[in-house]
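Student: quick one: sequence and predicted model below, then my questions.
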Amino acid sequence: LRKKFIDYFKKSEHLQIPSSSLVPDNDPSVLLTTAGMQQLKDYLTGEKDPIVDFGSQKLISVQKCFRTADIDAVGDGAHLTFFEMLGNWSLGNYFKREAIEYAFDFFTKELKLDPARFWITVFEGSDHIPRDEESIRDWIEQGIPKERIKEFGMKDNFWGPVGKTGPCGPSSELHYDLDKEAGKDCKNPNCGPNCKCGRFIEIWNLVFMEYKKDEKGSYVKLEQKNVDTGVGFERLLAVLNQKCSVYETDLFDWAKSYEGIEFDSSSSDQEKLRLSRIICDHLRGAVFLIADGVLPARDDRGYILRRIIRRAIKHGSTLKLKDSFLLDLASKVIDFYQEVYPELETNRKLILQALTEEDQKFRKTLKAGMKFFNQYVDQVVSKRTSGQEKLVLDGTEVFRLYETYGFPLELTEELVKEKGWEVDKEGFKKAFKKHQKISRAGVKKKFGGVGEWGKKVAPQHTATHLLHQALRDVLGKHVKQAGSDLNPERLRFDFTHPEVLSKREIEKIEEIINQKIKDDLPVVKKEMDYKQAIKEGAAGLFKDKYKDKVSVYKIGDYSCEICAGPHVKSTGELKSFKIKKEKSSSRGVRRVKAVVGN
Ligand code: SER
């Protein structure tokens, strides 16, 4: 199916671009890649020219995506966290009519799907953006009867931007009528696309990106008209195979015969089916995230990963799967997908190691945490005086489950919901903040870099920036700062990288930095908006996003980082640079110690 899609669009002069990483490297303010258009943002707004960079305004890709927006719906047959998206783009080339023609032609002629089972949605218009009359006309021209074209507002038929600002526009979606029993019982007299009954499944989204949302929240018309489309690969495969769920396609073959996993939609044990689906969705997602350099952590992307792994472990234990299920299934995912996604094979060791560690960590506390939770619930229930009061899990207890037993908040919420209770979220936040205040001093020491030595360490600090850039040049773009510590004797730098550095790599890094020192590059400080800094290519921490102004240090044209300083005036002051030690810091993180000066 992937090949069919690619061949079809290549025939009409589209150029295939590779999937980008699940960790977007053109915008640190966005946590994960949720759509194929993300790597094309600057081309959609017209800031970059696709002819110069690709030699084509018509592109296609098969993109790895990860979404948490629908995570609560995972467990049904259609929603996934990780999925593949087939997409075609026009960057200032064709527009609505052709995009609609391509989509309908591919589905009905190439894949031979029944045209009579398609329902279409279009944008009904809003205060600022007109109703999409062209699309309605184009769909009628394709032979879709008017009754099967439904209009919806901003929530359903306006797509983007990803993050707060960026390209966006009205969309038109192709929904397929599964015509299954569930739909026949539907009580909604207007049953159709977007009905909750599950009879209709959205399989292709055509976005007509001719707007850009700006900082003030206004929709500004772009000079060029673009098309951004996305087909849910797993869903399309299920439709083609006339299956009720994506888990019944061969994309989940790796889990089908695993003891305790249930994928049969007609199973009498629907809870087992739901949990099996969640486990396999989350596990597949975790494997792909780790392959792209994400590791379990307390915040940002690492937290999302931790959350899905721990949820999979919890549900696996409910289903009484073998203790080794996480690793068994992860190996199968790698075997299954490595041909299409070779990064899984390359990172096999790292993936299995990261999962093993997270598994061991959480299993140690899972049992005790569940015992604590159940005892607490029993205790509250037994003390209850009337059946009227709402049962709420106290915020401090939720925090205890989080901090002591390693239960992600969302997992506790799920447990509580099963019992018909609620979670005291405000109380949790309060407890969290109090704890944070106490530990902030420690964190500052770990990441602050300069610490108590202040100005005395300016040369080591500048060398750290050079090292960061040189590591990315020599080892690859996946390298990200994971910690730094400076004193007048040496600098220490931790960064994400799965392997030991070779002798040659170390020499190369030293050569680059010593050359930059010889070039005596000026070090210049500038104050600017976070957004502007990112636009100028500054490396920076996600948390800086919340600051109005940030300071950016540029070393010639070589390095650009958001940073509080201090630094030397020019690189010549460093005299020389030498790496003294390279070792592992923690899983997937390397540590380099280096010295500057003669
Ligand atoms: N960006 C749109 C989506 O993700 C179309 O690709 O649905």
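Tutor: Structure received. Numbering: from 1, shown residues only.

Student: ranges for the strands of the stretch 351-500 of the chain?
Tutor: Counting by DSSP state E, counting those that start in this stretch, the stretch 351-500 of the chain has strands at residues 392-393, 422-423, 481-487, 490-496.

Student: what's the answer for the stretch 101-250 of the chain, then?
Tutor: 118-123, 149-152, 158-159, 166-177, 200-213, 219-232.

Student: and the ligand, which of these is closest to it?
Tutor: Smallest distance to the ligand across those (C-beta to the nearest ligand atom): 2.6 Å, for strand 219-232. Every residue, glycine included, has its C-beta placed from N, CA and C.

Student: quick check: buried residues in that closest one?
Tutor: 219, 222, 224-232 (16 or more other C-beta atoms under 10 Å).

Student: tell me the one of the residues you listed nearest residue 568?
Tutor: residue 222 (43.0 Å; C-beta to C-beta).

Student: was I right about the closest one contacting residue 41?
Tutor: No: using C-beta atoms under 8 Å, residue 222 makes no contact with residue 41, being 11.9 Å away.

Student: re earlier: quickly, which of the strands of the stretch 351-500 of the chain bottoms out on average pLDDT?
Tutor: Of all these, mean pLDDT reaches its minimum on strand 481-487 (a mean of 85).

Student: which helices and strands sit right next to that one?
Tutor: helix 425-447, helix 458-475, strand 490-496 (3 or more C-beta pairs under 8 Å, 6 or more residues apart in numbering; DSSP states H and E).

Student: neighbours around residue 190, how many?
Tutor: 8 (other C-beta atoms under 10 Å).

Student: over to residue 257?
Tutor: Residue 257 - counted by other C-beta under 10 Å - has 9 other residues nearby.

Student: give me phi/psi at it?
Tutor: Residue 257 has phi and psi values of phi -100, psi 10 when expressed as degrees, to the nearest 10.

Student: out of the strands of the stretch 101-250 of the chain, flag the one nearest residue 53.
Tutor: strand 219-232 (15.2 Å).

Student: name the element the residue nearest to residue 414 when sequence neighbours are not counted belongs to?
Tutor: Sequence neighbours aside, residue 311 is the residue nearest to residue 414 in space, at 7.5 Å (criterion: C-beta to C-beta, 6 or more residues apart in numbering). Assigned by DSSP states H and E, residue 311 belongs to helix 300-318.

Student: show me what that helix is packed up against.
Tutor: So helix 300-318, by 3+ C-beta pairs under 8 Å, 6+ apart, packs with helix 270-291, helix 325-337, helix 348-383, helix 409-418.

Student: distance from the chain centre to that helix, please.
Tutor: Computed by C-alpha atoms, centre = their mean, to the nearest Å, the chain-centroid distance of helix 300-318 equals 15 Å.

Student: which helices and strands does the helix or strand harbouring residue 4 pack with?
Tutor: Taking DSSP H and E as the criterion, residue 4 maps to helix 2-11. If you count contacts as 3+ C-beta pairs under 8 Å, 6+ apart, helix 2-11 packs onto strand 15-16, strand 58-66, strand 82-91.

Student: mean neighbour count for these - can I get that in JSON lines?
Tutor: Output for those, formatted as JSON lines (neighbours: other C-beta atoms under 10 Å):
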{"stretch": "strand 15-16", "mean neighbour count": "15"}
{"stretch": "strand 58-66", "mean neighbour count": "23"}
{"stretch": "strand 82-91", "mean neighbour count": "25"}
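
Student: quick one: closest of the helices and strands packed on strand 481-487 to residue 567.
Tutor: Comparing the helices and strands packed on strand 481-487 under C-beta to C-beta, the one sitting nearest is helix 458-475, at 4.6 Å.

Student: give the rounded mean pLDDT of the closest one.
Tutor: 95.

Student: buried ones in it?
Tutor: 458-472, 474-475.

Student: picking up where we left off before, ok, which of the helices and strands packed on helix 2-11 comes nearest residue 538?
Tutor: Per C-beta to C-beta, nearest to residue 538 of the helices and strands packed on helix 2-11: strand 58-66, 24.9 Å.

Student: shared neighbours, residue 222 and residue 41?
Tutor: Overlap of the contact sets of residue 222 and residue 41 (by C-beta atoms under 8 Å, 6 or more residues apart in numbering) consists of residue 167.
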